[in-house]
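K.L.:
A structural model of the following input is requested.
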Amino acid sequence: MRAVVMIAPRIGIAGISGRMGQLLAAAIPAAGATLVGGTRRNDDLAALARGCDVVIDFTIAAAIAPHAAILAQTGTAWVLGTTGQTEADHAAISAAATKIPVFTAANFAPGVNLILALAQILAAQLPAATHDAEVLEMHHRQKRDAPSGTAIALTRAIQRGRDSDAVIPTASLRGGQIIGSHTALFTAGFEQITLTHHALDRRIFADGAVRAALWLIQQPPGLYGMNNLLALDDMIR
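P.N.:
So this is what the prediction gives:
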């Protein structure tokens, strides 16, 4: 009988010298995958991508469109965690997804994505006529975008639940070294319901991104997110 040789998935990191890049470098081998290498600001992403099954990308918004074009050309699956995306970035991501599997998320912590699903369910059952909905987020002082990508995802979850594009008031606070805190509030005359997630260690994001990468390499070209990975659409229905 011929022995079956299992080849570990090959993962590269765009932005390996950054805070998330360093956490990913530890999380990848811990998950049983092979860390091929990573790029820094002036490195060649195409050269890295050709030796990888998937690239995990936590860089800057300005790199999204160039990276989309490169990875579509090399045929490498792409896990994208960069926030602050523009409409042009969305178009570049969608174009890449016609050629390669692309996984993008505002937040890779499974717990946060369960909060998003619960926010949508609550919004569907607590109408705006009786319950005001608001979002509060807090991050470290170095975070550039405000509101955060996760806060935006929370407002969109509430809007989907209410089938309305009405603006959801959002407050953003920056200070100290808070990793990330997100709260959705539903307030009525006689009650307040809150859904809160506090990130206590950035490793939850790295572990979630690696989990997404291992899942993504089994998928055909297309655009995917945490709802697909965690089967949250079944929960929301």
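
K.L.:
would you map the strands across this protein?
P.N.:
10-14, 34-39, 54-57, 77-80, 101-104, 132-139, 170-174, 180-187, 192-199, 222-224 (DSSP state E).

K.L.:
export the ones you listed to CSV and tack on mean pLDDT and mean neighbour count?
P.N.:
From N, CA and C alone the C-beta is placed, and that goes for glycine too. CSV is the format used below for the strands of the chain (pLDDT from 0 to 100; neighbours: other Cβ atoms under 10 Å):
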stretch, mean pLDDT, mean neighbour count
strand 10-14, 97, 26
strand 34-39, 96, 19
strand 54-57, 98, 28
strand 77-80, 98, 27
strand 101-104, 98, 24
strand 132-139, 97, 21
strand 170-174, 96, 14
strand 180-187, 97, 21
strand 192-199, 96, 14
strand 222-224, 98, 16
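
K.L.:
and those as CSV, adding distance to A151?
P.N.:
Below are the strands of the chain laid out as CSV (distance: least, Cβ to Cβ, whole Å):
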stretch, distance to A151
strand 10-14, 24
strand 34-39, 29
strand 54-57, 21
strand 77-80, 18
strand 101-104, 16
strand 132-139, 4
strand 170-174, 5
strand 180-187, 6
strand 192-199, 11
strand 222-224, 22
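
K.L.:
which of these sits closest to I64?
P.N.:
Closest approach to I64 among the strands of the chain is made by strand 77-80 (7.1 Å; Cβ to Cβ).

K.L.:
which outside residues touch that closest one?
P.N.:
53-57, 64, 67-68, 71, 93, 96, 100-105, 209, 212-213, 216-217, 219 (Cβ atoms under 8 Å, 6 or more residues apart in numbering).

K.L.:
give me the sheet partners of that strand and which way each runs.
P.N.:
Neighbouring strands of strand 77-80 in its sheet, by DSSP bridges, are strand 54-57 (parallel), strand 101-104 (parallel).

K.L.:
and the strands of the chain: which comes nearest Q159?
P.N.:
Across the strands of the chain, Q159 has its closest neighbour in strand 132-139 (9.1 Å, Cβ to Cβ).

K.L.:
can you list the strands that the closest one pairs with?
P.N.:
The strands beside strand 132-139 in its sheet (DSSP bridges) come out as strand 170-174 (parallel), strand 180-187 (antiparallel).

K.L.:
between strand 192-199 and that strand, find me the angle.
P.N.:
20 degrees (axes from the mean of the first three to the mean of the last three Cα atoms, to 10 degrees).

K.L.:
now strand 132-139: how far from the chain's centre is it?
P.N.:
Its chain's C-alpha centre and that of strand 132-139 lie 18 Å apart, by Cα atoms, centre = their mean, to the nearest Å.

K.L.:
got it, and stretch 72-86?
P.N.:
Computed by Cα atoms, centre = their mean, the chain-centroid distance of stretch 72-86 equals 11 Å.

K.L.:
in it, what's buried?
P.N.:
For stretch 72-86, burial by neighbour count (16 or more other Cβ atoms under 10 Å) applies to A72, T74, T76, A77, W78, V79, L80, G81, T82, T83, G84, Q85.

K.L.:
now the strands paired with strand 77-80 as TSV including distance to Q22?
P.N.:
Formatted as TSV, the strands paired with strand 77-80 follow (distance: least, Cβ to Cβ, whole Å):
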stretch	distance to Q22
strand 54-57	12
strand 101-104	21
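
K.L.:
quick one: contacts for A151?
P.N.:
By Cβ under 8 Å, 6+ apart, A151 lies in contact with V135, E137, T170, S172, H182.
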